[in-house]
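Visitor: Sequence and predicted structure below; questions after.
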Amino acid sequence: MVSPLVSESYERGHRKLADRLGISHAMVWIVPHSLEDLPSYLVLAAVTAMSRPECPGHPVKLLNYMLAGKPIVCFAGAAKDLRHMHDGFIAPNHDYDALGKAIVTLLKNPALAGQLGANAQATVLANFDWRYICVDIERIYHKLVEAAKRKNRSYPSTHARPKALSGESANNQSLTEILARHASRRAFENPSGRRS
């Protein structure tokens, strides 16, 4: 069990639960740890799990698991962009028995686990690569700028528009170039490219 939480009572409670369930012999307790150590622990995982049934936004932990090509078990509420039995094993929200059975299923079926992990990695690379995300964001900004230009032609304003918006800047770089350069610099500083 890898956890960033520094809490003796938290760890003590989980150790007692592992003893009661008879699984202490199969547990490695790693608390606390640094963010830089996480990739090393992730490599050791046969199956990754997210036990949060509701998760607003997109869990970075999920993206890390996907990028690492690890098989993922999670509740439907945290399964952002995962498809059941394609790139993740998804359990109904709050059905902890189903979540546990899914973990056991993948531990007993390495071929299925490997396929789900490979598909998860393909999904994250196809849908969450900054090079593609930046193009989509840039497309949105261009639409907004064009809409603003049309509105400004319809309703003349006494205020000057910024040069960057009107395309008059000689040094104007595309958003894609700027964000891709920033993402590359971050990826170099943090090879996983993401925070957990």
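Guide: Yep, that arrived.
Visitor: This structure - how does it break down into domains?
Guide: Domain assignment for the chain, taken from automatic domain parsing, gives 34-127, 130-189.
Visitor: Please identify the most buried of those domains.
Guide: Of the domains of the chain, the one with the most neighbours on average (mean count of other CB atoms under 10 Å) is domain 34-127, at a mean of 17. Just so you know, the C-beta spots here come from the backbone N, C-alpha and C atoms, and that holds for glycine as well.
Visitor: tell me how far the ends of that one are from each other?
Guide: 28 Å (CA to CA, to the nearest Å).
Visitor: what's the answer for stretch 64-82, then?
Guide: With CA to CA as the measure, what separates the two termini of stretch 64-82 is 13 Å.
Visitor: next one: stretch 25-34
Guide: The straight-line separation of the ends of stretch 25-34 (CA to CA) is 25 Å.
Visitor: Any idea how far it is from the middle of the chain?
Guide: 22 Å (CA atoms, centre = their mean, to the nearest Å).
Visitor: Quick one: mean pLDDT over that stretch.
Guide: Mean pLDDT, computed over stretch 25-34, is 78.
Visitor: And for stretch 133-152?
Guide: Looking at stretch 133-152 alone, the average pLDDT works out to 88.
Visitor: Which stretches in the protein count as strands?
Guide: 48-50, 72-75, 89-91 (DSSP state E).
Visitor: ok, back up a step: any chance of CSV for the domains of the chain, columns distance to Glu8?
Guide: Converted to CSV, those look like this (distance: least, CB to CB, whole Å):
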stretch, distance to Glu8
domain 34-127, 19
domain 130-189, 33
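Visitor: and the ones you listed, which one's lowest on average pLDDT?
Guide: domain 130-189 (a mean of 65).
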